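*Asks:* Quick one, fold the following:
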Amino acid sequence: MFFAFQYPIHEPTVIASTVQTAKLLVVSRDSAVLRFLWSMGESNPWQIDSAANAWEAMERIQSGFVPDFLLLDLSHRDEDGLHILRCLRRLSPSLPVVLIGYPDGAGRKQEAIRIGARAYLTRPIDNTQLEVVIRHHLSMESRWLEMEITSDDIELIGSDAYFIGISPIMRMLRAQAALLAEANVPVLILGEGGSGKDTTARLVHKLSVRSGFEFAKVNCAVLPSDLLERELFGYTDGNSMAQAKPGKLERCAKGTILLDEITEMSMSMQANLLQVLQNNRFVRPGTSTFVEVDVRVIASSTTNMEHAVSEKRLLEDLYYRLSAYTIHVPALRERKEELPLLSRHFMHQLARHYGLPPRELSPASIEACQSYPWPGNLRELESFVKRYLMVGNGEPEFEKRRSEQDGRSQHVSLRTPRRLHSVTSFTDQESNGNVDSNSLRSMVQSIKSETEKKAIATALEKTKWNRKAAARLLKVSYRTLLYKIEHYQMRASDSTLLPGADWPSDTATEVRGDDEMD
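*Replies:* Predicted coordinates:
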């Protein structure tokens, strides 16, 4: 998904030299727009084709015409345009689509951006702005997509989701996923948090015969037991079976469902899941009726499964059923040769997302990345790249974590803080008598984040991870606390609770959205 943003006005000649021969497909009945684009085509190495309407453009793309840019001019009450945009996003996710609309279409603009339009221009159209928009996508995005995304090393597996594998260990993982995709069996994916288990599950789905049907993810660690049961197995609204609400197991018919952190599921639900794996059916909660399902189940976890079985957090039969086909996702420290490509991939994704020009990582930054252990894996790398994109000018200083193998306390200093952030070097500039305001802001923000995280952890510990009670203690809303817990990647197992402490029983609001680097 991309946000609407305003492009700065540059001289056209600044970017023109970087644009290669490109195909532009234009859907417009505005003669002024068409004349302007034809004149641009004459002075640039561009091939400009026009279509009478959005449906004709869709048909041409389906028949094999592959444009580098699509301009879709919506009429005042044209609803087909947004429908076509949805189809195009599924058919060609990397195609930059820019819409032209009217000032009174604020709702349509928001919907278009939500669906995936790269920009939404409102009438009256400024020719200079239109030219900048086109050059922006042809020079920065399309050129990078052609160079990177069409590579065999980067595989598109969904809307804005890619599988990247250039190291031998990731090529082996990809081959293993391809083999398992051909067999209609449950799969268990194990790995550290943020290593890419979600992406691996999507890869298995994409390579299987079920790829044309829905893929859904349910995070078993986020939802309380009652909501998780409703989410998976559905429920009945009243006593009438006609009012039954299907769960995701039914809605993913012929597709794939990913159950993240399977060991956090209650034992009774694990028994129901075992019935699904054995007999392709389950009993809907509150009824005695069997529901037949046809869905592939993929489970993932960051915990040691044998320990979970011995601690009675995972049914032994379910474990044996799932673990027959297991994929181990390597940590980022085991595939460091991919760091330059991964960081560049995140940089361009985030730059497109926020409408900013991408930054190049300096050689010193890349060298520091190679020596850092990346305990947060891909999630931490993406967070670092985001900070680098947003914050820095000057040479970044990498913060290093020094933790002992036995879990002893970490030694923190200004030169070697606990987490890896992209900030301007403070100590070096201070010694020169020249402190940059960006570095000060970065350091203050880092300190504030650490303080906030510690306050949340203390409140959760005092309330034994009852999040509603912790929210009252912190005097913040419950939803805000849930967001902060997710933002700081906090788990009950990471706190100082006594071993065996139960997950809180407070009723949580469902948190939706897939974490691509789970």
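
*Asks:* Provide a list of residues in contact with the closest residue to residue 22 other than its chain neighbours.
*Replies:* What sits nearest to residue 22 in space, not counting adjacent residues and going by Cβ to Cβ, 6 or more residues apart in numbering, is residue 68, at 4.3 Å. In short, each C-beta sits where N, CA and C put it, glycine included. By Cβ atoms under 8 Å, 6 or more residues apart in numbering, the contact list for residue 68 reads 22, 23, 24, 95, 96, 138, 142.

*Asks:* Kindly indicate which of those residues lies nearest residue 255.
*Replies:* residue 95 (24.7 Å; Cβ to Cβ).

*Asks:* Retrieve the pLDDT associated with the closest one.
*Replies:* For residue 95, the pLDDT comes out at 80.

*Asks:* And for residue 164?
*Replies:* Reading off the model, residue 164 has pLDDT 85.

*Asks:* Likewise for the one 10 residues further on?
*Replies:* The per-residue pLDDT reported for residue 174 equals 91.

*Asks:* With residue 383 instead?
*Replies:* So residue 383 comes in at 91 (pLDDT).

*Asks:* Compute the distance between it and residue 185, please.
*Replies:* 35 Å (Cβ to Cβ, to the nearest Å).

*Asks:* which residues of the chain score low on pLDDT?
*Replies:* Along the chain, the parts satisfying pLDDT under 70 run over 1-20, 76-81, 93, 105, 139-153, 159-160, 238-242, 392-448, 493-518.

*Asks:* Quickly list the domain ranges of it.
*Replies:* 13-149, 155-330, 336-406+414-435, 448-518 (automatic domain parsing).

*Asks:* which of the contacts of residue 68 lies closest to residue 458?
*Replies:* Nearest to residue 458 among the contacts of residue 68: residue 96, at 46.9 Å, using Cβ to Cβ.

*Asks:* how near is the residue nearest to residue 22 to residue 157?
*Replies:* Counting by Cβ to Cβ, the gap from residue 68 to residue 157 is 22 Å.

*Asks:* Then residue 43?
*Replies:* Residue 43 is 39 Å from residue 157, where distance means Cβ to Cβ.

*Asks:* Of those two, which one has the most company?
*Replies:* Neighbours per residue, other Cβ atoms under 10 Å: of residue 43 and residue 157, the larger number sits with residue 157, 19 against 9.

*Asks:* so which strand or helix has that one?
*Replies:* Assessed by DSSP states H and E, residue 157 sits inside strand 154-158.

*Asks:* Please apply the same query to residue 228.
*Replies:* Using DSSP H and E, residue 228 sits within helix 225-233.

*Asks:* Toward the C-terminus, what is the element adjacent to that helix?
*Replies:* Following helix 225-233 in sequence order, the next helix or strand is strand 235-236 (DSSP H and E).

*Asks:* So what touches that following strand?
*Replies:* For strand 235-236, the external contacting residues (Cβ under 8 Å, 6+ apart) are 229, 243, 244, 245, 247, 284, 285, 286, 287.

*Asks:* closest to residue 341 among the residues you listed?
*Replies:* The closest of those to residue 341 turns out to be residue 247 (Cβ to Cβ; 38.7 Å).

*Asks:* Can you report how many residues neighbour the closest one?
*Replies:* Counted with other Cβ under 10 Å, residue 247 comes out at 24.

*Asks:* Could you pull up phi and psi at the nearest residue to it once chain neighbours are set aside?
*Replies:* Among residues not flanking residue 247 along the chain, residue 234 sits closest, at 3.6 Å (Cβ to Cβ, 6+ apart). The phi and psi values for residue 234, taken as degrees, to the nearest 10, are phi 80, psi -170.

*Asks:* my read: residue 234 touches residue 285, true?
*Replies:* Yes: Residue 234 lies in contact with residue 285 (Cβ atoms under 8 Å); the separation is 7.4 Å.

*Asks:* and those two? which has more neighbours close in?
*Replies:* Taking other Cβ under 10 Å, residue 234 and residue 285 do not tie; residue 234 has more neighbours (21 against 17).

*Asks:* ok, now which ones touch that one?
*Replies:* 244, 245, 246, 247, 249, 250, 284, 285, 291 are the contacts of residue 234 under Cβ under 8 Å, 6+ apart.

*Asks:* Is it possible to get a markdown table of the residues you listed that adds secondary structure and distance to residue 206?
*Replies:* Formatted as a markdown table, the contacts of residue 234 follow (DSSP: H, G, I helix; E, B strand; the rest coil; distance: Cβ to Cβ, whole Å):
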| residue | secondary structure | distance to residue 206 |
| --- | --- | --- |
| 244 | strand | 31 |
| 245 | strand | 29 |
| 246 | coil | 24 |
| 247 | coil | 23 |
| 249 | helix | 20 |
| 250 | helix | 22 |
| 284 | coil | 30 |
| 285 | coil | 32 |
| 291 | strand | 27 |
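
*Asks:* So which of these is the closest to residue 266?
*Replies:* Lowest distance from residue 266 to the contacts of residue 234 (Cβ to Cβ) belongs to residue 285, with 12.0 Å.

*Asks:* who touches the closest one in this structure?
*Replies:* 229, 230, 233, 234, 235, 236.

*Asks:* repeat that for 10 Å
*Replies:* Residues in contact with residue 285 (Cβ atoms under 10 Å, 6 or more residues apart in numbering) are 226, 229, 230, 232, 233, 234, 235, 236, 247, 268, 269, 272.

*Asks:* could you pull out the helices for the stretch 101-250 of the chain?
*Replies:* 106-115, 127-136, 143-144, 168-182, 197-207, 225-233, 248-251 (DSSP state H, counting those that start in this stretch).

*Asks:* closest to residue 459 out of those helices?
*Replies:* Of the helices of the stretch 101-250 of the chain, nearest to residue 459 by Cβ to Cβ is helix 225-233, at 22.7 Å.

*Asks:* List the residues that contact residue 21.
*Replies:* So residue 21 contacts 44, 45, 46, 47, 68, 138 (Cβ under 10 Å, 6+ apart).

*Asks:* can we see that at 6 Å?
*Replies:* Counting by Cβ atoms under 6 Å, 6 or more residues apart in numbering, residue 21 touches residue 45.

*Asks:* Let me know the closest of the contacts of residue 234 to residue 320.
*Replies:* Distance to residue 320 across the contacts of residue 234 (Cβ to Cβ) is lowest for residue 249, with 20.8 Å.

*Asks:* what's the nearest residue to the closest one if we skip its chain neighbours?
*Replies:* Using Cβ to Cβ, 6+ apart, the closest residue to residue 249 is residue 293 (5.1 Å).

*Asks:* Tell me how far the one you found lies from residue 267.
*Replies:* Taken as Cβ to Cβ, the span from residue 293 to residue 267 is 21 Å.

*Asks:* Neighbour count: these two, which is higher?
*Replies:* For residue 293 versus residue 267, neighbours defined as other Cβ under 10 Å are more numerous around residue 293 (22 against 11).

*Asks:* my read: the more buried one touches residue 247, true?
*Replies:* No: counting by Cβ atoms under 6 Å, residue 293 does not reach residue 247; the two are 9.4 Å apart.

*Asks:* what about the strands in the stretch 351-500 of the chain?
*Replies:* For the stretch 351-500 of the chain, applying DSSP state E, counting those that start in this stretch gives strands covering 396-397, 423-424.

*Asks:* whoops, the stretch 201-350 of the chain was the one
*Replies:* 215-219, 235-236, 244-245, 256-260, 281-283, 290-292, 296-301, 326-328.
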